[in-house]
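Colleague: What shape does this take:
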Amino acid sequence: MKLEVFEDQRRVTLDGEDVVLGARAFDVLAYLHANADRVVSKAELLDHVWQGMVVEEGNLSVQITGLRKALGREAIKTVPGVGYRLTMGAAPVVVEGPAVPAIPSLAVLPFANLTGSADKEYLVDGIVTEITSALGRVGSFFVTSSTSTFTYKGRAVDLAEVGRELGVRYVLEGSIQAAGDRIRIFTQLVEAETGRMIWQDRFDGEMGDIFDLQDRVAESVAGALEPKLIWAEAVRATGKPTASLSAYELCLRAAPMVWKLNASHNLIDGLDLLHRALELDPDYLQAKALVCYAHTAAFATRFWTFEKAQAALPQARQVLDSGTNDPLALCYAGHYIAYIGRAYEEGLAALQRAEVLNPNSGTVAMLLGWVHVYMNQDDAAIASLERAKRLSPLHPHIAVINCGIANALMQKGDLEAAVLLYEQARAEYPEFASNQIGLIGAYWALGRRKEAQEMADWLRRRVPDMSVSTFRSTRPQHSAAYHALICDALTGCGFPD
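Modeller: Below you'll find the predicted structure:
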């Protein structure tokens, strides 16, 4: 694109078309254009454009943002710690800045104080600090310290510039409003480079409970962001050419395929990506942990037999014996070794350790809840699974969470409540066979025989050689009542012993 600046006419054209700019924006552009062969410092621009005036750096940032909107995001490059350079029509410039970490990276910007009171600045800053601290405990992504992010306080910022200056891929921003004793907090997660919004939420509370509200917001944001960031990273990695993908990016591409497994070919493709990652790095624990979860999903959906799903036991053992502090790796391997390996106490210990390492992970809370289900610890299971829903109400595995609560309710004898959750979970994730198996038992016990037979027909199509003895030998639940209820229903629906 051809940029022309006619200083005598105070006119700018882009490919022959006039570009409408304000007076200050024109002065900034004209000076950058006249010095396009070098980087112009912020101080130099302030001195030239606002001669004799005392202005804040934020005024310059506003003009740069406006110029980028008018000319294109890449027309002006930021050189962190120095200034700006006009690159449109000039020789390419290499912009040095902090390297973006290999794992998903995030900066929490100071929230806007919309309470109408400068006295509440402490409150706004305190909430941001709490959120940053909570997110910093999540091992699956990197969080920039508040010392760095608070340098942006009170400034109009360009998110792409923030991303480059801080070396992060995502930005969490927000605002706080107050009316009487009520306070409302808005948050949104944005991809820095593109400005694409990934997630948003709001939180309401009372000023008198401000410390509890701070904790709740921090916990909820951390819990919601973990799956959202991982999903966003997976989408980002998918667009890259396969030949250039690292082992980490291969795992990112595999994760959605094995997390919510809805077709057997996704399982095969996901495992292929994970095996390729392990060829690049045989010691990559995250890849081994995802292999474990793939085998968990393969049996949970009944795409594979129980015997075939046992193939990842060596990888689970390697993860758990490694001494890793990665909470996701611990929870994937720990759940698998309890579900498939029947090492319940060891799996529980791994998940409890993962919860200590990251108390704000909906995924950890979900899988911990399921191990409590297996061990017939129903109240603990429900508490953990309900916490997973509270931490991450839009979790991609919300159906697995609901199914776990239904299973615990069935074991407690509340069949009507269990049916409602099983049905909801089945609508959310129809391939998750635990829903159909639970409904066979609950429907049969409640006298809803036709509906039980419909679920039984689905199970026969998925597992043609299904029998009562197969269920007995492969289900991880300790509950005698659950076993008796399901076995009675399978027999009544015509499954062989």
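Colleague: buried residues in the helix or strand encompassing residue 473?
Modeller: Assigned by DSSP states H and E, residue 473 belongs to helix 468-474. Within helix 468-474, the residues that count as buried by 16 or more other Cβ atoms under 10 Å are 468, 470-471. Backbone N, C-alpha and C define where each C-beta goes, glycine included.
Colleague: How far off centre is the next helix or strand after it?
Modeller: Using DSSP H and E, the helix or strand that follows helix 468-474 in sequence is helix 480-492. Offset of helix 480-492 from its chain centre (Cα atoms, centre = their mean, to the nearest Å): 38 Å.
Colleague: which secondary structure elements does helix 480-492 contact?
Modeller: In terms of contacts (3 or more Cβ pairs under 8 Å, 6 or more residues apart in numbering; DSSP states H and E), helix 480-492 is packed against helix 398-411, helix 433-445, helix 449-462, helix 468-474.
Colleague: quick one, the first one and helix 433-445 angle?
Modeller: Yep, that's helix 398-411 we're talking about. Computed with axes from the mean of the first three to the mean of the last three Cα atoms, to 10 degrees, the direction of helix 398-411 lies at 30 degrees from that of helix 433-445.
Colleague: next structured bit after helix 398-411?
Modeller: Next in sequence after helix 398-411, counting helices and strands by DSSP H and E, comes helix 415-428.
Colleague: which helices and strands sit right next to that next one?
Modeller: Counting contacts by 3+ Cβ pairs under 8 Å, 6+ apart, helix 415-428 packs against helix 398-411, helix 433-445.
Colleague: got TSV for these, with mean pLDDT, mean neighbour count and distance to residue 29 too?
Modeller: What follows is the helices and strands packed on helix 415-428, written out as TSV (pLDDT from 0 to 100; neighbours: other Cβ atoms under 10 Å; distance: least, Cβ to Cβ, whole Å):
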stretch	mean pLDDT	mean neighbour count	distance to residue 29
helix 398-411	95	26	49
helix 433-445	95	25	60
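Colleague: With distance to residue 364 added, can I get those in a markdown table?
Modeller: Below are the helices and strands packed on helix 415-428 laid out as a markdown table (distance: least, Cβ to Cβ, whole Å):
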| stretch | distance to residue 364 |
| --- | --- |
| helix 398-411 | 12 |
| helix 433-445 | 19 |
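Colleague: what's the closest of those to residue 333?
Modeller: helix 398-411 (17.1 Å; Cβ to Cβ).
Colleague: can you list the domains in the chain?
Modeller: With automatic domain parsing as the criterion, the domains of the chain are listed as 3-86, 105-238, 240-359.
Colleague: Throw those domains into a markdown table and include distance to residue 436, mean pLDDT and mean neighbour count, thanks.
Modeller: Shown next, in a markdown table, are the domains of the chain (distance: least, Cβ to Cβ, whole Å; pLDDT from 0 to 100; neighbours: other Cβ atoms under 10 Å):
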| stretch | distance to residue 436 | mean pLDDT | mean neighbour count |
| --- | --- | --- | --- |
| domain 3-86 | 50 | 82 | 16 |
| domain 105-238 | 25 | 75 | 18 |
| domain 240-359 | 9 | 86 | 20 |
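Colleague: Of all those, which one is nearest residue 459?
Modeller: Per Cβ to Cβ, nearest to residue 459 of these: domain 240-359, 7.7 Å.
Colleague: Can you get me the centre-to-centre distance for that closest one and its chain?
Modeller: With Cα atoms, centre = their mean as the basis, domain 240-359 stands 17 Å off its chain's centre.
Colleague: Repeat that for stretch 398-413.
Modeller: How far stretch 398-413 lies from its chain's middle: 24 Å, per Cα atoms, centre = their mean.
Colleague: Not counting it itself, show me its contacts.
Modeller: Where contact means Cβ atoms under 8 Å, 6 or more residues apart in numbering, the residues beyond stretch 398-413 that reach it are 362, 366, 369-370, 372-373, 376, 378-379, 381-382, 385-386, 388-389, 395, 415, 417-422, 424-426, 428-429, 432, 434-435, 438, 441-442, 477, 479, 481-482, 485.
Colleague: Got the phi and psi for residue 478?
Modeller: phi -80, psi -20 (degrees, to the nearest 10).
Colleague: Quick check: the gap between it and residue 454.
Modeller: For residue 478, the distance to residue 454 (Cβ to Cβ, to the nearest Å) stands at 28 Å.
Colleague: Could you dump the helices and strands packed on helix 480-492 into JSON lines and include distance to residue 336?
Modeller: As requested, the helices and strands packed on helix 480-492 are arranged in JSON lines below (distance: least, Cβ to Cβ, whole Å):
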{"stretch": "helix 398-411", "distance to residue 336": "14"}
{"stretch": "helix 433-445", "distance to residue 336": "15"}
{"stretch": "helix 449-462", "distance to residue 336": "21"}
{"stretch": "helix 468-474", "distance to residue 336": "14"}
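Colleague: so which of those helices comes closest to residue 183?
Modeller: For residue 183, the closest of these is helix 398-411, at 28.2 Å, according to Cβ to Cβ.
Colleague: now that closest one against helix 415-428, angle please.
Modeller: Put simply, helix 398-411 runs at 160 degrees to helix 415-428, going by the same axes, to 10 degrees.
Colleague: send the alpha carbons of helix 398-411 over as PDB?
Modeller: This file holds the C-alpha atoms of helix 398-411, laid out as PDB (Å, rounded to 0.1, in the frame of the first residue of the first chain):
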ATOM      1  CA  ILE A 398     -20.000 -30.000  31.600                       C
ATOM      2  CA  ALA A 399     -21.900 -33.200  30.600                       C
ATOM      3  CA  VAL A 400     -19.200 -35.400  32.300                       C
ATOM      4  CA  ILE A 401     -19.600 -33.200  35.500                       C
ATOM      5  CA  ASN A 402     -23.400 -33.600  35.400                       C
ATOM      6  CA  CYS A 403     -23.100 -37.400  34.800                       C
ATOM      7  CA  GLY A 404     -20.900 -37.700  37.800                       C
ATOM      8  CA  ILE A 405     -23.300 -35.900  40.100                       C
ATOM      9  CA  ALA A 406     -26.100 -38.100  38.700                       C
ATOM     10  CA  ASN A 407     -24.000 -41.200  39.500                       C
ATOM     11  CA  ALA A 408     -23.500 -40.100  43.100                       C
ATOM     12  CA  LEU A 409     -27.200 -39.300  43.500                       C
ATOM     13  CA  MET A 410     -28.100 -42.800  42.200                       C
ATOM     14  CA  GLN A 411     -25.700 -44.400  44.700                       C
END
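Colleague: Drop anything exposed from the contacts of stretch 398-413.
Modeller: Burial by neighbour count, 16+ other Cβ under 10 Å: within these this picks out 362, 366, 369-370, 372-373, 376, 378, 381-382, 385, 388-389, 395, 415, 418-419, 421-422, 424-426, 428-429, 432, 434-435, 438, 441-442, 477, 479, 482, 485.
Colleague: Provide the secondary structure category for residue 171.
Modeller: Three-state call for residue 171 (DSSP: H, G, I helix; E, B strand; the rest coil): strand.
Colleague: Run through the bridge partners of it.
Modeller: When assigned by DSSP bridges, residue 171 has beta-bridge partners residue 107, residue 190.
Colleague: Could you check how far it is from residue 480?
Modeller: Per Cβ to Cβ, residue 171 is found 52 Å from residue 480.
Colleague: Equivalent analysis for residue 151, please.
Modeller: Shown here: residue 151 relative to residue 480, a distance of 61 Å by Cβ to Cβ.
Colleague: Ok, residue 209 next?
Modeller: Noted for residue 209: a distance of 44 Å to residue 480, by Cβ to Cβ.
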